[in-house]
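Student: Mind folding the following:
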Amino acid sequence: MDTTEVRKNHQFDSVQLRTYFDKILYNENTNGQVHPIEIKQFSHGQSNPTFYINYRNEEYVLRKKPPGKLLKGAHLVDREFKIISALHKANFPVAKPILYCSDPQIIGTEFYVMSYVRGRIFRADNIDLKGLIPDERREIYRELLDVLVRLHKLDPYQIGLGDLSANPEAYYDKQIETWSRNYKLAETDPIKDMDDVIEWLPNNKPVKTADNSKISIVHGDYRLDNVIFHPTEPRILAVLDWELTALGNPIADAAYTCMAYYSYPSILGFGKLDFTYHGIPHEFTIRQTYCEKMGLQEISDKDWYFYLCFSFFRLAAISQGVFRRSQLGNASSTNAGLYHKNAKFLANRCKLMIKKSTGEIPPNPKLQGIFNNFSAKYKELERKLIIFMDKYIYPNEQTYYNQISEDKKLRWQTVPPVLKQLQEKAKAQGLWNLFLPSVSGLTNLEYAPLCEIMGRSFLAPVVFNCSAPDTGNMEVLHLYGTKEQKKQWLEPLLNGEIRSMYGMTEPAVASSDATNMSLQISRCPKEPENFYIVNGRKWWSSGAGDPHCKVAIVMGVTPNPKKRRHEQHSQILVPMDAPGVKILRPLQVFGIDDAPHGHMEIDFQNVRVPASNMILGEGRGFEISQGRLGPGRIHHCMRLIGLMERCYDSMCDRVGRRSTFGKQLKDNDNVLQIIGDCRCKIDQARLLTLNAARMIDTVGAKNARIEISMIKIVAPRVACEVIDAAIQIHGGAGVSQDHHLAQAYINARTLRLADGPDEVHLMAVAKSELQRYHPRL
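Tutor: Coordinates of the predicted model:
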């Protein structure tokens, strides 16, 4: 119980109160018998002073008006009592109302008494629910939202609260007018941001619709630390603090609960990182779930950020009022003098919400040198992509993983339904097939930063149809496919109707030297002009586990003694349902099977394939590979930059929240060196990636092969180093399922092999360099 001794300026006559209790609660006079009374003051609460009372073995809570001069219409404790009385009768979770006293002669002001509810209150410094596991956190926040919906579905007119507001249809007009006036009355040093917001709010109210015209009971201060949870269950026993309650637009409460996402960036789950891994719901999840439960249409960004802006504005006005009362000596809290600074911070949050309501995205500081040369199309796509990531990708990462079946067979037979839903949204917003210049209209240099943004999430690339191996396969068909091949396979791939795999690596040979390949693509003896026969085995065939994988591009040997070694390899389209194609097993990467995408070992036994499926012609396999791995060769590197940045963010976030040996990690010299080193490495990798992209645009992939090789060496190496550092700083949590770091490391380490081992690329770079010194080599 968070209480203190009664503060000097809030002390009252306990004898008078005891006498009053005896008469009203126990229907008796004291008759000389004195019962001990315990009175403590709750530490929290900036408006109406609140006290814990233990009298005659009964526990109560007393709320009273603060002493001194008060703003007109504020601190109406009689109104609070009326509200909780009506809600208690309606079986809504509130403390049981006991009595209301309008006589100021008893303790100096009006007051009311309610029952004391024992349970858990998660204060502002514990909104990340320390000590609870992710599932428990998720249940706490689910209950918080469910109870809010329950409140908003109550009919105020049926439960006797229809007269709370004179004109509930004009809720925001009245609220903006009231709090603007209250702020000005309490103003000390002018805050320019507040003046700007006071001017902006009345001119940007949402256009009235059937959804936002609904009249409900609006709590006005609904948040995690204003409810009492059951001691052991995720169940709310009582909602507290009804002073700001009115009739009006219920979305105001939903937005108010989301202020924490912009107020506590250093608290786990409420900055910009990994909400769902820790059980803390994402802001958009709350917004979306609330609308679903209330039967409302999705709230537009413009309107949502207006609601948030007003929430911050009202809290800023309240904070200024608390500060003003501290100067007058009648504030309810000991730290009230700090609230002018708080008002300034909240006003700054208001300005941020105004920017977000317009869709304005701050420029990426890492691209300032080149951003001005990017096309208007790029800038619009970047804006839309960042918003889409925040609204749909990050909130649904955990949903995607939760929808993957635990059953070893079923997990390869279905794709999480949320993926299709997100893909439809991405298509509708034009965020589809951005990797293809002929479709997106972007240069490779422009695509690189967009790919970096997608790379922050494992889910994003496939949502935007920009994931491997499909991107490389689509490039092959786009560049080298016949009209029939494009019709049969490229079009459905571009539409996201099917997926594909690429078969190159083999288990029986050292596949870093592609000429070792043993899979045979031979003319059918009976119909050599019409069919090929494919025999051999491939592994690490990424994407083959997906139930939507319908075609494979398979590279193999088409033996021809008259041709040179590099002219005996071909690539052919093999339908995955062709007789003789058999998936032997999913391969695990550090124990992870990556379902439903997967990395498969596949046997091709006498697979009969139409001759028309040959791509470009026999012996053109290496030529195709070079084209396939042109721009596509750096897509992984681009995505790795985003992955590194997200892990780096997690690391920097962590060092501000953890302490060892008497000081925070962020003040540890060794940690500072690690962070500085990681920053240098990430930026070096980014610049090398951007340079490779620029070279592809200007001189072509063939002439940029050394720049491509260099970034394919550097990006995965640096990613492994940065992610390993982030894991180390997280300690045991870094390798647990509560963070994304372990999966990130698996991804980065794999890419030191998947796109060709480091050694092959190093050899290519070295040979090119030595050619300048020894031209005959």
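Student: any low-confidence regions in the stretch 651-777 of the chain?
Tutor: 777 (pLDDT under 70).
Student: can you give me the strands in it?
Tutor: Ranges of strands in the stretch 651-777 of the chain, per DSSP state E, counting those that start in this stretch, are 659-660, 663-664.
Student: same deal with the stretch 101-250 of the chain?
Tutor: For the stretch 101-250 of the chain, the strands defined by DSSP E, counting those that start in this stretch cover 111-115, 216-218, 227-229, 236-239, 246-248.
Student: TSV for those, including mean neighbour count and mean pLDDT?
Tutor: Backbone N, C-alpha and C define where each C-beta goes, glycine included. As requested, the strands of the stretch 101-250 of the chain are exported to TSV (neighbours: other C-beta atoms under 10 Å; pLDDT from 0 to 100):
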stretch	mean neighbour count	mean pLDDT
strand 111-115	23	96
strand 216-218	26	97
strand 227-229	21	97
strand 236-239	21	98
strand 246-248	23	95
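Student: Which of the strands of the stretch 651-777 of the chain sits closest to D303?
Tutor: Taking C-beta to C-beta as the criterion, D303 comes closest to strand 663-664 out of the strands of the stretch 651-777 of the chain, the separation being 39.2 Å.
Student: what residues does the closest one touch?
Tutor: Applying C-beta atoms under 8 Å, 6 or more residues apart in numbering, the external contacts of strand 663-664 come out as V655, G656, R657, R658.
Student: Looking at the residues you listed, spot the one nearest Y401.
Tutor: Of those, the one sitting nearest to Y401 (C-beta to C-beta) turns out to be R657, at 24.5 Å.
Student: give me the number of residues near the closest one?
Tutor: Burial of R657 is recorded as 14 neighbouring residues (other C-beta atoms under 10 Å).
Student: Now render the strands of the stretch 651-777 of the chain as JSON lines, adding distance to H278.
Tutor: JSON lines is the format used below for the strands of the stretch 651-777 of the chain (distance: least, C-beta to C-beta, whole Å):
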{"stretch": "strand 659-660", "distance to H278": "19"}
{"stretch": "strand 663-664", "distance to H278": "20"}
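Student: Mind putting those into CSV with mean neighbour count and distance to D677?
Tutor: CSV is the format used below for the strands of the stretch 651-777 of the chain (neighbours: other C-beta atoms under 10 Å; distance: least, C-beta to C-beta, whole Å):
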stretch, mean neighbour count, distance to D677
strand 659-660, 12, 20
strand 663-664, 11, 19
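Student: With only the CA atoms kept, save stretch 143-157 in CSV.
Tutor: Taking C-alpha atoms only, stretch 143-157 is exported to CSV below (Å, rounded to 0.1, in the frame of the first residue of the first chain):
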residue,chain,number,x,y,z
GLU,A,143,-8.4,-7.2,-19.4
LEU,A,144,-7.7,-3.5,-19.3
LEU,A,145,-9.1,-3.2,-22.8
ASP,A,146,-12.1,-5.5,-22.2
VAL,A,147,-13.2,-3.5,-19.2
LEU,A,148,-12.9,-0.3,-21.1
VAL,A,149,-15.2,-1.7,-23.9
ARG,A,150,-17.6,-2.9,-21.2
LEU,A,151,-17.8,0.7,-19.8
HIS,A,152,-18.4,2.1,-23.3
LYS,A,153,-21.2,-0.4,-24.0
LEU,A,154,-23.1,0.7,-20.9
ASP,A,155,-26.1,2.9,-21.7
PRO,A,156,-25.7,6.0,-19.5
TYR,A,157,-29.3,6.9,-19.8
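Student: quick one: least confident helix or strand in the protein?
Tutor: Counting by mean pLDDT, DSSP states H and E, the weakest-scoring helix or strand in the chain turns out to be helix 368-371, with a mean of 70.
Student: And the strands of the stretch 101-250 of the chain: which comes nearest T3?
Tutor: Closest approach to T3 among those is made by strand 227-229 (14.7 Å; C-beta to C-beta).
Student: low-scoring stretches of the stretch 451-600 of the chain, by residue?
Tutor: Low-confidence segments of the stretch 451-600 of the chain, defined by pLDDT under 70, are absent; every residue clears the threshold.
Student: ok, which stretches of it are helices?
Tutor: Taking DSSP state H, counting those that start in this stretch as the criterion, the stretch 451-600 of the chain contains helices spanning 460-463, 470-480, 483-485, 491-494.
Student: can you redo the ones you listed as JSON lines with mean neighbour count and distance to V227?
Tutor: Supplementary listing: the helices of the stretch 451-600 of the chain in JSON lines, determined by neighbours: other C-beta under 10 Å; distance: least, C-beta to C-beta, whole Å:
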{"stretch": "helix 460-463", "mean neighbour count": "25", "distance to V227": "35"}
{"stretch": "helix 470-480", "mean neighbour count": "22", "distance to V227": "47"}
{"stretch": "helix 483-485", "mean neighbour count": "12", "distance to V227": "61"}
{"stretch": "helix 491-494", "mean neighbour count": "17", "distance to V227": "50"}
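Student: Domain map for this protein?
Tutor: Using automatic domain parsing, the domain ranges for the chain come out as 3-115, 124-357, 361-460, 468-622, 629-773.
Student: Show me how far the fourth one is from its chain's centre.
Tutor: If I follow you right, that is domain 468-622. Computed by C-alpha atoms, centre = their mean, to the nearest Å, the chain-centroid distance of domain 468-622 equals 37 Å.
Student: again, but for the first one
Tutor: Using C-alpha atoms, centre = their mean, the mean C-alpha position of domain 3-115 is found 43 Å from that of the whole chain.
Student: Ok, the third one next?
Tutor: A distance of 13 Å separates the centroid of the chain from that of domain 361-460, by C-alpha atoms, centre = their mean.
Student: Likewise for stretch 118-127?
Tutor: The gap between the average C-alpha position of stretch 118-127 and the chain average comes to 24 Å, counting by C-alpha atoms, centre = their mean.
Student: Please shift the residue numbers so they start at 2 in all later answers.
Tutor: Let's use 2 as the start, then, which means that last one is stretch 119-128.
Student: what's the pLDDT at the residue nearest the centre of the chain?
Tutor: Central residue of the chain (C-alpha atoms, centre = their mean): Y395, 3.4 Å from the mean position. The predicted local confidence for Y395 comes out at a pLDDT of 91.
Student: Apart from its neighbours in sequence, what residue is nearest it?
Tutor: Once its chain neighbours are removed from consideration, Y395 has its nearest residue in H283; the separation is 5.9 Å (C-beta to C-beta, 6 or more residues apart in numbering).
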